[in-house]
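Engineer: Attaching a predicted model along with its sequence, questions to come.
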Amino acid sequence: MTERKRVYIWEVPVRLTHWVNFFSIIALSVTGIYIGNPYLHPLSESSFTMGTMRFIHLTAAYLFLMMIIIRLYWAFAGNRYANWRVFLPLKKRQRQDLGGATRYYLFMSKKPPYAAGHTMCAGAAYFVLFLMFLFQIFSGFALWSYARSVPFFHMVLGGWMLGFWNVSAIRFWHHMVMYFIWAIALVHVYLAVWLDSAEHNGLMGSIFGGYKFITGKEWE
Amino acid sequence: MGDAKEGSIYDSLRKNGVSRREFMKFCSLMAATLALPVSFAGKIAEALEKAERPHVVWLEFQDCAGNTESLLRSSKPNVAELILDIISLDYHETIMAPAGKQAEKSLSDVVKNYKGKYITIVEGAIPTKDGGVYCTVGGRTAQDIVKEVCGNGLATIAVGACAWDGGWPAASPNPTGAKGVKDVVSGIKLINLPGCPANVVNITGTVVHFLTFGSLPLTDSMGRPLVFYGEKIHDHCERRAHFDAGQYVRQWGDEGHRLGWCLYQMGCKGPETFKNCPTVRWNQSTNWPVGSGHGCIGCAAPRFWDTMTPFYRRLENVPGFGVDSTADKVGAGLAIATAAGLAAHRIIRATKTKGEKPEEEK
């Protein structure tokens, strides 16, 4: 058995934003699908189903927005594993890891990526995911600015999108990107479970406690 | 009231047998339409007692005459009242008596004799491709006519979706290069009253606003008067409570449809469209599309043929996936495909790594 070291990787803001995003994305998806296509039939004359769904959607949206702001701030204030640099393959070492991890995932290599923080594959995927999050925020508030057109910050958050894009197309992509996010989330969980079992580093537990057990051959 | 100015609107109203009571009712209607306090009915009456009837020319280009139909069928103010009393309609191809050269003469007479004083109402889009040959009147292109007539007038009112942003003729692929007045003539006082058709109450309201205050109503960024286009249809819809309650029509003629539930799921574009339809309504304010059980098609929204279709669905179709693919079907398919792909990957992984131990433990 290789000697392993217990290292603190995921700081509190990283874990907090991860889990709040997890729950808010579920809430946003469930309510968002209802808003797009009301699948529940009213039970009584006094129901307020759409009103409640929209309230939850909006509340979760604001919560999600706050988490994105916190995480963005932490990309500059957090530790090296949370830093913005791990999301962009700017260094040669990162590009090598990107190739290595991709080959491992495609069964072309038997060497697991062994990253202390994110593998470069994950980092790049999260960068795309982050852009999708931003798009969902802006397009969502663009649609919301139709309901409440006056407040300045709705215009800042997404109302500007209406300046060059029509509302139907914005709604269309607001739907589509949700499914893209689901697809990425599925792959994310699958690979995390796999790497946890392949690398024996406690990866799955690390998103709860923050610590990973690493061998020292990881790149950082 | 016997002191009405000779030749004024009120004077001609009286000569046509309109009572003072009816006149005041009309002024109140206009005050309400313009979202003014009740006290303004008196101010409007005062203005109309003094104001001379404005000369109006009505130009028709690439259109279906729907705005004219709307004008002819309206009764509050009824067309006779509108033409005879409020405005002096000097040129309107569909309803004027003269024809041919005589008709064109009445247009050029107005442009010459009342330069800078008349109001132009434009109905229909203006083709600009190939020198504008796709719409000509009396041998002149629509582009030419609109530039001359609007350019020499006091103000222009573009009625209907077509005169606003090209509307129906400008729908993709727009073979004639159709455009609205705002994109063809610049530097004129222009008010847009989009809609398919424009509501005649709003047309009259614009004219009355002009006569009362001497200015055109305040407009939004797309040149539409805020007073008519400032509020969302959805927010003033009589079916709105059913929307919030989650009570929807799911099929034409179903129980919800009979009970007058919300048409949201049937593709109603009320949540995206800004117009005063629910309050002003049509046909003597008796009803309007949503009131009669059909969803809004967003006819007052920009480029509505391209952006508000399909009219009977919430979402656009996915390009390249056939006519019946909504974003949700394609998206759910994508998510399922991803899950299936991952399952397949897991099976391949199991066969490839069977009996192998992780590298470090070898």
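Structural biologist: That came in fine, so what should we check first?
Engineer: Mind pulling the model confidence for residue 173?
Structural biologist: Just so you know, I chose chain A. With respect to pLDDT, A:Trp173 has a value of 93.
Engineer: Please refer instead to chain B.
Structural biologist: pLDDT, read off for B:Pro173, is 93.
Engineer: Which residue, other than its chain neighbours, is closest to A:Gly159?
Structural biologist: With sequence-adjacent residues excluded and distances taken as C-beta to C-beta, 6 or more residues apart in numbering or on different chains, A:Gly159 is closest to A:Ser145, at 3.8 Å. Every C-beta, even on glycine, is put in place using the N, C-alpha and C of the backbone.
Engineer: Give me the three-state assignment for the one you found.
Structural biologist: With DSSP: H, G, I helix; E, B strand; the rest coil as the basis, A:Ser145 sits in helix.
Engineer: mind listing what the residue of the stretch 1-150 of chain B found nearest chain A touches?
Structural biologist: At 16.7 Å from chain A, B:Ala35 is the closest residue in the stretch 1-150 of chain B, using C-beta to the nearest C-beta. Neighbouring residues of B:Ala35 by C-beta atoms under 8 Å, 6 or more residues apart in numbering or on different chains: B:Val227.
Engineer: Would you map the strands across the stretch 201-350 of chain B?
Structural biologist: Applying DSSP state E, counting those that start in this stretch to the stretch 201-350 of chain B gives no strands.
Engineer: Residue numbers of it in contact with chain A?
Structural biologist: B:232, B:243-248, B:264-265, B:271-272, B:301-303, B:306-308, B:314-316, B:327-328, B:330-332, B:334-335, B:338-339, B:342, B:345-346, B:348-349 (C-beta under 8 Å from any C-beta of the partner chain).
Engineer: Narrow those to just the buried residues.
Structural biologist: Neighbour-count burial (16 or more other C-beta atoms under 10 Å in any protein chain shown) applied to those gives B:232, B:243-248, B:264-265, B:271-272, B:301-303, B:307-308, B:314-316, B:327-328, B:330-331, B:335, B:338, B:342, B:345.
Engineer: Burial check on residue 195, number of neighbours?
Structural biologist: Just going to use chain A. Residues near A:Leu195, counting by other C-beta atoms under 10 Å in any protein chain shown, number 22.
Engineer: could you do chain B instead?
Structural biologist: 27.
Engineer: Which pLDDT value goes with the closest residue to A:Leu28 other than its chain neighbours?
Structural biologist: Once flanking residues are discounted, A:Leu28 sits nearest to A:Ala60: 5.0 Å by C-beta to C-beta, 6+ apart. Confidence at A:Ala60, expressed as pLDDT, is 96.
Engineer: list the contacts for A:Ala60?
Structural biologist: A:24, A:27-28, A:31.
Engineer: Check those residues and tell me the two furthest apart.
Structural biologist: Of all pairs drawn from these, the greatest distance, 10.4 Å, lies between A:Ser24 and A:Thr31 (C-beta to C-beta).
Engineer: three-state assignment of the residue of the stretch 1-150 of chain B closest to chain A?
Structural biologist: State at B:Ala35, reduced to three classes by three-state DSSP: coil.
Engineer: Can I get the worst-scoring helix or strand of chain A on mean pLDDT in CSV? Just the C-alpha atoms.
Structural biologist: Across the helices and strands of chain A, mean confidence by mean pLDDT, DSSP states H and E is lowest for helix A:152-157: a mean of 74. Backbone C-alpha positions of helix A:152-157 (Å, rounded to 0.1, in the frame of the first residue of the first chain) are rendered in CSV as follows:
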residue,chain,number,x,y,z
PHE,A,152,-32.2,48.6,-12.6
PHE,A,153,-30.5,45.4,-11.5
HIS,A,154,-32.8,43.3,-13.6
MET,A,155,-31.5,45.3,-16.6
VAL,A,156,-27.9,44.8,-15.5
LEU,A,157,-28.5,41.0,-14.8
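Engineer: That helix: which residues count as buried?
Structural biologist: A:154-155, A:157.
Engineer: Name the nearest residue to B:Ala170, ignoring sequence neighbours.
Structural biologist: B:Ala170 sits nearest to B:Ala178 (C-beta to C-beta, 6+ apart), 4.1 Å away.
Engineer: do A:Phe213 as well
Structural biologist: A:Arg4 (4.3 Å).
Engineer: That neighbour against A:Lys212, yeah?
Structural biologist: No - when contacts are counted by C-beta atoms under 8 Å, A:Arg4 is not listed as touching A:Lys212 (9.2 Å).
Engineer: any residues in contact with both of these two?
Structural biologist: Shared contacts of A:Arg4 and A:Lys212, counting by C-beta under 8 Å, 6+ apart, come down to A:Asn201.
Engineer: more crowded one of these two?
Structural biologist: Remark: of A:Arg4 and A:Lys212, A:Lys212 carries more neighbours, 25 against 15, as counted by other C-beta under 10 Å.
Engineer: which ones are touching the most centrally placed residue in chain A?
Structural biologist: Nearest to the geometric centre of chain A sits A:Leu129, at 5.5 Å (C-alpha atoms, centre = their mean). Counting by C-beta under 8 Å, 6+ apart, A:Leu129 makes contact with A:181, A:184.
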